[in-house]
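Student: Need the 3D shape of this:
(one chain, ligands or ions: 1)
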Amino acid sequence: MTPFERAGRVMPGGVNSPVRAFLAVGGEPPFAVSGSGGIVTLEDGREVIDFIASWGALLFGHAYPPIVEAVQRAAADGTSFGIPTIAEVELAEKIVEMTPSVDVVRMVNSGTEATASAVRLARAATGRPRVVKFAGSYHGHADPFLVAAGSGLATFGVPSSPGVPDGTVADTLIAEHNDLELVENHLTGGDVAAVIVEPVAGNMGCIPPADGFLAGLRRLCDEHGTLLIFDEVMTGFRVAADSAQGRYGITPDLTTLGKVVAGGTAAAIYGGRESLMRMIAPDGPVYQAGTLAGNPVATAAGLASLTAIQQQPSLYERFDEAGAKIADRLLSTMSDVGLPGVVNRVGGMIGVFLGAERATTWNDVADLDGDLYARFFHAALDRGVLLPPSPFETWFLMEAHLDGLLDRALVALEEAIREAVR
Ligand SMILES: *Cc1c(COP(=O)(O)O)cnc(C)c1O
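Tutor: Numbers count the residues shown, from 1 in each chain. From the prediction side, this is the model:
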């Protein structure tokens with residue numbers, strides 16, 4: 001019995017999160033044993049260069065020594081108390097210092113909790129029921145977000161999961177990335193509490209905002225009394241030290257952060273301007289709580305991660321240079337073999353769309369050739385490079401990639417493209 005077969009007997013799909021089952025690329029997922037820097041050692045002994053990076057949570061690399069040491073120290077002093085600790089205050093202060101729009105934060109345990117809580121707060125603050133989200137974007141698995149547009153342009157969403165009540169579906173309106181007109185149509189009803197957006201879309205591959213898109217959302221929200229939520233669970237501290245809101249110079253009303261903010265442990269936050277955040281209990285009436293929220297282990301990892309970012313101001317430029325190199329090399333290989341393609345990149349996020357003519361909305365990429373990506377994925381894995389197991393996932397750069405590993409990976413990826421089209 002393989003580990004995956006053993007896992008499948010006691011876990012749905014053998015995994016704790018669906019994408020890990022490798023359904024989009026086929027075959028059994030490899031099991032990780034350990035990681036160091038940009039390398040993961042697999043259960044069968046192979047060592048692979050990893051571009052999953054815990055789905056973006058790892059900015060520096062696996063087992064990054066400052067984070068490991070901080071976590072070990074914290075754990076030795078007790079993993080959870082249920083009364084406050086000073087480390088929580090230090091992390092909150094650091095997030096507020098680094099994130100332009102955020103004055104006050106609340107720590108939770110996952111990005112899913114952060115977005116669900118932010119929407120609850122937006123509904124409470126506006127007294128309105130509805131939310132606008134964008135097709136192809138992911139905001140965790142809370143009910144209001146498990147709605148996708150059938151055609152991508154339908155006025156009302158259809159549930160993408162059974163178990164989501166019809167009323168919830170009716171309150172989630174779907175728009176298209178980089179299309180302001182549809183957003184405006186949704187907002188004119190005057191019943192939308194919030195527009196929630198990934199400022200750089202990262203859950204349909206990486207799709208950056210078109211010029212003026214984020215500013216347009218800001219303007220439309222202001223005109224219609226709707227709050228703008230930036231879901232920066234992926235982009236936070238990954239596209240810039242001041243996150244996407246700093247990189248693009250747009251001020252959202254509420255922000256969610258996860259992944260990098262917890263340095264590869266389980267935590268996330270939501271935050272925003274003071275007047276809104278004071279509505280959260282116990283300052284205000286909007287209830288939200290957590291047994292393990294702000295626990296010492298996650299807090300220590302987050303503090304170590306953000307401290308390391310502040311010590312390396314050139315990191316994001318180095319990511320941008322690496323992204324340019326990846327685009328250059330992969331696009332020229334694609335052109336050699338007569339394959340169209342797009343490579344999008346923002347900081348430590350890379351979107352590789354084999355066979356695409358353009359990649360600016362979900363509709364552009366939804367019908368890409370999944371079999372081609374699967375062949376490419378396996379050809380890369382055979383050559384020691386672990387990519388996200390789906391054509392609709394962002395590749396994540398880590399600092400550990402930047403010294404030499406990236407060049408090794410690119411040689412393998414060029415060969416993998418040639419093999420995939422053969
Ligand atoms: C990963 C992600 C989430 C969900 O975070 P979890 O910690 O997996 O619950 C929400 N929004 C975005 C943009 C994400 O990338």
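Student: what's around the residue in the stretch 101-250 of the chain that the ligand sits nearest to, how many residues?
Tutor: Distance from the ligand to each residue of the stretch 101-250 of the chain (Cβ to the nearest ligand atom) is smallest for residue 111, at 2.1 Å. Quick note: C-beta positions are derived from backbone N, CA and C, even for glycine. Using other Cβ atoms under 10 Å, residue 111 has 30 neighbouring residues.
Student: In this structure it contacts residue 260, no?
Tutor: No: contact criterion Cβ atoms under 8 Å: residue 111 and residue 260 do not qualify, at 11.1 Å.
Student: roughly how far apart are residue 265 and residue 399?
Tutor: Using Cβ to Cβ, to the nearest Å, residue 265 is found at 18 Å from residue 399.
Student: just residue 230 next, same as before
Tutor: 24 Å.
Student: Compare those two and say which is more crowded by neighbours.
Tutor: The residue with more neighbours, out of residue 230 and residue 399, is residue 230; 31 against 21, by other Cβ under 10 Å.
Student: List the beta-bridge partners for the more buried one.
Tutor: Going by DSSP bridges, residue 230 is paired in beta bridges with residue 197, residue 255.
Student: Please report the distance of it from residue 365.
Tutor: 22 Å.
Student: Is residue 41 in contact with residue 32, as I believe?
Tutor: Yes: counting by Cβ under 8 Å, residue 32 is a contact partner of residue 41 at 7.4 Å.
Student: which residues of the protein score low on pLDDT?
Tutor: Low-confidence segments of the chain, defined by pLDDT under 70, span residues 148-159.
Student: for the ligand, what are the nearby residues on it?
Tutor: Residues of the chain that fall close to the ligand, judged by Cβ under 6 Å from any ligand atom: 110-112, 115, 138-140, 198, 202-203, 231, 233-234, 258, 268.
Student: mind running it again at 8 Å?
Tutor: The chain comes close to the ligand at residues 17, 55-56, 110-115, 137-141, 198, 202-203, 231-235, 256, 258-259, 266, 268, as judged by Cβ under 8 Å from any ligand atom.
Student: Narrow those to those in helices?
Tutor: Per DSSP state H, helices hold the following members of the residues of the chain next to the ligand: 111-115.
Student: ranking the residues you listed by neighbours, who comes first?
Tutor: In these, the most neighbours by other Cβ under 10 Å go to residue 114, 33 neighbours.
Student: And the residue of the stretch 251-400 of the chain closest to the ligand?
Tutor: Proximity to the ligand, evaluated over the stretch 251-400 of the chain using Cβ to the nearest ligand atom, is greatest for residue 258 at 4.7 Å.
Student: Tell me, how many residues neighbour that residue?
Tutor: The number of residues packed near residue 258 is 28, by other Cβ under 10 Å.
Student: if I pick it, what's in contact with it?
Tutor: 57, 110-111, 114, 233-234, 236, 267-269 (Cβ atoms under 8 Å, 6 or more residues apart in numbering).
Student: Next, give me the two most distant ones among those residues.
Tutor: Farthest-apart pair in those is 234 and 267; separation 14.8 Å (Cβ to Cβ).
Student: Going along the chain, name the helices of the stretch 51-200 of the chain.
Tutor: Taking DSSP state H, counting those that start in this stretch as the test, the helices found in the stretch 51-200 of the chain are 65-76, 86-98, 111-126, 166-170, 180-187.
Student: so which of the ones you listed comes closest to residue 25?
Tutor: helix 111-126 (23.9 Å).
Student: Give me the helices and strands touching that closest one, please.
Tutor: Contact analysis of helix 111-126 by 3 or more Cβ pairs under 8 Å, 6 or more residues apart in numbering; DSSP states H and E lists strand 104-108, strand 130-134, strand 192-197, strand 227-232, strand 254-257, strand 268-272, helix 274-277 as its packing neighbours.
Student: So which of the ones you listed is nearest residue 358?
Tutor: With Cβ to Cβ, the closest approach to residue 358 among the helices and strands packed on helix 111-126 belongs to strand 130-134: 16.8 Å.
Student: Strand partners (parallel or antiparallel) of the closest one?
Tutor: Applying DSSP bridges, one finds strand 130-134 paired with strand 172-175 (parallel), strand 192-197 (parallel).
Student: mind listing what the residue most central in space within the chain touches?
Tutor: By Cα atoms, centre = their mean, the chain has its centre lying nearest to residue 234, at 2.7 Å. Taking Cβ under 8 Å, 6+ apart, we find residue 234 in contact with 55-56, 198, 200, 202-203, 258-259, 349, 394.
Student: Please produce TSV containing those, extended by distance to residue 7.
Tutor: Conversion of those to TSV gives the following (distance: Cβ to Cβ, whole Å):
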residue	distance to residue 7
55	19
56	24
198	30
200	33
202	27
203	24
258	25
259	24
349	29
394	25
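Student: Which ones among those map onto strands?
Tutor: Members of the contacts of residue 234 lying in strands (criterion: DSSP state E): residue 349.
Student: out of the strands paired with strand 130-134, which comes closest to residue 91?
Tutor: Judging those by Cβ to Cβ, what sits closest to residue 91 is strand 192-197, at 23.8 Å.
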